[in-house]
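Asker: coords please:
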Amino acid sequence: MRRVLQDTEYEGYTIKKGNLVLGNVYSAHNRPDKWSAPGEFHPERFLSPTGEKIKNPPEFIPFHVGRRQCLGESSAMDNLFLFTASIFHNFQISPFDKNKKLDLEPLPGLLRIPKPFSVRVRSRF
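Answerer: Numbering: from 1, shown residues only. Just a heads-up that it's a prediction; the model follows:
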């Protein structure tokens, strides 16, 4: 959160000095003008046309932006990439019940948490 240092007008709204404001990361990540089909999983969004990993696309801000951006972003992103790639390299993951479609709607609440689901995990080797 950030504290407003002076009375500010933004898009017709007055924000009073001392108020707290919080960036809406969910909204930023679901803008159809920045992301095609924002509600769908498309990992290729983070790959260049030649297949190289794109570092820090400006539309992707899970660690916020500016002076108070998370210092661990670089390490976290690299670790998440390696962890996820390792999982998919070593295991085949499929729906437990192939006739039942996964419900991708999140549980209601402050955080976007998926509904419980079952998958089958098999070693590739």
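Asker: is the residue nearest to the spatial centre of the chain in a helix, a strand, or coil?
Answerer: Nearest to the mean C-alpha position of the chain, by C-alpha atoms, centre = their mean, lies residue 62 at 5.9 Å. Classification of residue 62 by DSSP: H, G, I helix; E, B strand; the rest coil places it in coil.
Asker: then residue 45?
Answerer: Relying on three-state DSSP, one would call residue 45 helix.
Asker: can you start the count at 26 instead of 1 from here on
Answerer: New numbering, starting at 26: the last item is residue 70.
Asker: correct me, but it touches residue 59?
Answerer: No - applying C-beta atoms under 8 Å as the test, residue 70 and residue 59 come out as separate, 10.2 Å apart. (C-beta placed from N, C-alpha, C; glycine too.)
Asker: name all residues that make contact with residue 62.
Answerer: Listed by C-beta atoms under 8 Å, 6 or more residues apart in numbering, residue 62 has no contact partners.
Asker: so how far is residue 55 from it?
Answerer: From residue 62 over to residue 55 the distance is 10 Å, taken as C-beta to C-beta, to the nearest Å.
Asker: all strands of the chain, in order?
Answerer: Using DSSP state E, the strands of the chain run over 27-28, 33-35, 38-40, 45-46, 116-120, 131-132, 138-139, 144-148.
Asker: could you list the paired strands of the fourth one along with their orientation?
Answerer: To tie it back to what came earlier, the one meant is strand 45-46. Note on strand 45-46: by DSSP bridges, its sheet partners are strand 27-28 (antiparallel).
Asker: before we move on, the earlier item: how about the strands of the chain in JSON lines, adding distance to residue 96?
Answerer: Below are the strands of the chain laid out as JSON lines (distance: least, C-beta to C-beta, whole Å):
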{"stretch": "strand 27-28", "distance to residue 96": "17"}
{"stretch": "strand 33-35", "distance to residue 96": "27"}
{"stretch": "strand 38-40", "distance to residue 96": "28"}
{"stretch": "strand 45-46", "distance to residue 96": "22"}
{"stretch": "strand 116-120", "distance to residue 96": "32"}
{"stretch": "strand 131-132", "distance to residue 96": "28"}
{"stretch": "strand 138-139", "distance to residue 96": "26"}
{"stretch": "strand 144-148", "distance to residue 96": "34"}
